[in-house]
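A.B. asks: Here is a sequence with its predicted model. Questions after.
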Amino acid sequence: MKIRTMVVASVMTLSFAGYGVAQEMGGQKMGGQEMGGKMGGMMSPLMPAEKVEAMNKMMMEMKPDTLEASLQRGEMLFKDSTLGNNSTGTSCATCHPKGGSSGGAADMEWKGQAMKVAIPTLVGAAASFPKPVGPMKVTSTVGGQNNMCIMTFLKGTPLDLNSQEAVDLEAYVYSLSTGKKIDMGAKKILLKPVPGSM
């Protein structure tokens, strides 16, 4: 208890000392930054007023979006054979027609080794995320899994997970699990296990 009291007292002393130095410096510059008032020389964590105003203007001018519109765009992306600038001629729907499974397994290479990955159905699958996936068992989200499939099986470029495209695709995949109970970490749903595949 005594050590804790000493630590708290030391931190308070340093805090007040720093505050005093900042107050004395008033409007002086230090390291190219304006020192002022209670900020103690630290830059403000808030956005500059002009950026906030620009964001407000942009948000006020944006057209309203709906979940239905997002799901429609996501379904189109799901069926798009150029998703992620891929040139394989395939799409998400190739392996997952109507969100289900074409069955069998897809070929994949990892660290120079060829392997087969059983193709699961996506109906109900999103309810099991986040969960560890792949040979390394790295915990992934639905968006991360979408990107893994785009890179590995479509041989395309991953989507920026903050982009509208990625959000729409993720929304569509989630819609295939409507009404399913969340069961994070559940095993993938295979219609028929494929011997020798992950």
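C.D. replies: Cool, the structure landed.
A.B. asks: My guess is residue 172 contacts residue 83. True?
C.D. replies: No - the criterion here is Cβ atoms under 8 Å, and residue 172 misses it with residue 83 at 11.8 Å. Heads up, the C-betas are built off the backbone N, CA and C, glycines and all.
A.B. asks: Name the residues contacting each of those two.
C.D. replies: By Cβ atoms under 8 Å, 6 or more residues apart in numbering, residue 172 and residue 83 have these common neighbours: residue 77.
A.B. asks: Which stretches in the chain count as strands?
C.D. replies: 29-30, 33-34, 105-110, 113-118, 131-133, 138-140 (DSSP state E).
A.B. asks: In a markdown table, list those along with mean pLDDT.
C.D. replies: A markdown table is the format used below for these (pLDDT from 0 to 100):
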| stretch | mean pLDDT |
| --- | --- |
| strand 29-30 | 40 |
| strand 33-34 | 44 |
| strand 105-110 | 84 |
| strand 113-118 | 88 |
| strand 131-133 | 91 |
| strand 138-140 | 93 |
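A.B. asks: Could you provide the ones you listed in a markdown table, with additional columns for distance to residue 192?
C.D. replies: Shown next, in a markdown table, are the strands of the chain (distance: least, Cβ to Cβ, whole Å):
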| stretch | distance to residue 192 |
| --- | --- |
| strand 29-30 | 69 |
| strand 33-34 | 64 |
| strand 105-110 | 10 |
| strand 113-118 | 9 |
| strand 131-133 | 20 |
| strand 138-140 | 24 |
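A.B. asks: Which among those strands is found nearest to residue 146?
C.D. replies: Judged by Cβ to Cβ, the one of the strands of the chain that comes nearest to residue 146 is strand 138-140, at 9.5 Å.
A.B. asks: And the closest one, what does it pack against?
C.D. replies: Contact analysis of strand 138-140 by 3 or more Cβ pairs under 8 Å, 6 or more residues apart in numbering; DSSP states H and E lists strand 131-133 as its packing neighbours.
A.B. asks: Buried residues, the strand it packs on. List them.
C.D. replies: Neighbour counts over strand 131-133 (16 or more other Cβ atoms under 10 Å) mark 131, 133 as buried.
A.B. asks: Check stretch 94-110 too.
C.D. replies: The neighbour-count check on stretch 94-110 (16+ other Cβ under 10 Å) flags 94-96, 99-101, 105-106, 108 as buried.
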